[in-house]
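S.K.: next input, structure requested:
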Amino acid sequence: MNITVTGSEGFVGKYLSSYLSSKGYIVNNLDLSLGHDLTDEDFVKEHFKKNKSDSLINTFALNHHIDDNTNGNSLFDVSLDSFEKYMKINLTTLFSVCREYSRNNVKGNIINFSSIYGLVSPNRNLYKNGEKHIGYSVSKMGVIMLSKHLSTHLSPNIRVNTICLGGIENEQSDEFKEKYSKMTPMRRMMKLEETTGIVEYLISDKSTYTTGAEFKIDGGWTAW
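M.R.: Below is the predicted model:
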């Protein structure tokens, strides 16, 4: 099976690319750091015209990570330019990638990555000096609706689903991990290797009747 992973050099994308390769899948890596500018529509059109794949896994996104030194991102301080940047990368570019993949594959499967912050607002009690950029949450909600819309228009030949991840442990401070864990029924952050199960299901023949769905892999965060 041939799989295209966008954002393949990012935190989640790199792990998934390596994992899928180890399982014998042929993985086509796309990432800005590899010289692939997905915001360039001409590049996207040319790439997908020449490179077909059984599944497309989109992990790329603009995501501002908050730490103890972060200031700002207040609703009243956010610039419209920064808001538009989230929309351009996380939605407009994603639409472009999904569309060109679908245009050039008679059959296929698209998996888009959203976030718990596409389902619920970021909890401000989790952050000290700043807050998650509103553009991130709004765009990640848009990813879910984009996937639903595409699923109804591309069916039955191309399936489209969304994965909404919770917070993944990645060198956060002990204080942050403790706070986050208390807000989660599973009482811990997600481990990177826990991203693979749902991906393997969605690229397999076990999910042939699954489309237009969003899967919350969040330790129960959104169930409170």
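
S.K.: now do the contacts for the residue lying closest to residue 122 once chain neighbours are set aside.
M.R.: Taking CB to CB, 6 or more residues apart in numbering, and ignoring the residues beside it in sequence, residue 122 has residue 132 as its nearest neighbour in space, at 3.8 Å. For the C-beta atoms, the positions are set from N, CA and C on the backbone; glycine is no exception. Contact partners of residue 132, counting by CB atoms under 8 Å, 6 or more residues apart in numbering, are 64, 66, 73, 117, 122.

S.K.: which single one of those residues is nearest to residue 200?
M.R.: Distance ranking of those against residue 200, using CB to CB, places residue 117 first at 24.5 Å.

S.K.: that's a strand at that closest one, yeah?
M.R.: No. In this structure, residue 117 is helix, not part of a strand, as judged by DSSP: H, G, I helix; E, B strand; the rest coil.

S.K.: and it, what does it touch?
M.R.: Counting by CB under 8 Å, 6+ apart, residue 117 makes contact with 132, 136-137, 140.

S.K.: okay, it: pLDDT?
M.R.: Per-residue confidence (pLDDT) for residue 117: 96.

S.K.: how about the contacts of residue 117 in JSON lines, adding distance to residue 201?
M.R.: As requested, those are exported to JSON lines (distance: CB to CB, whole Å):
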{"residue": "132", "distance to residue 201": "29"}
{"residue": "136", "distance to residue 201": "26"}
{"residue": "137", "distance to residue 201": "26"}
{"residue": "140", "distance to residue 201": "21"}
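
S.K.: filter those down to the ones in helices?
M.R.: If you go by DSSP state H, the contacts of residue 117 have 136-137, 140 in helices.

S.K.: what subset of those is buried?
M.R.: Of the members of these, the ones counted as buried by neighbours, 16 or more other CB atoms under 10 Å, are 136-137, 140.

S.K.: of those, closest to residue 95?
M.R.: residue 140 (14.0 Å).

S.K.: thinking again about what came up before, can you pick the most crowded of the contacts of residue 132?
M.R.: Of all the contacts of residue 132, the most densely surrounded is residue 117 (25 neighbours; neighbours counted as other CB atoms under 10 Å).

S.K.: before we move on, back to that, and the gap between the residue nearest to residue 122 and residue 77?
M.R.: Plainly put, residue 132 is 13 Å away from residue 77 if you go by CB to CB, to the nearest Å.

S.K.: helix/strand/coil for the residue of the chain positioned farthest from its centre?
M.R.: Largest separation from the mean C-alpha position in the chain: residue 76, at 26.8 Å (CA atoms, centre = their mean). In the three-state summary, residue 76 is assigned as coil, counting by three-state DSSP.
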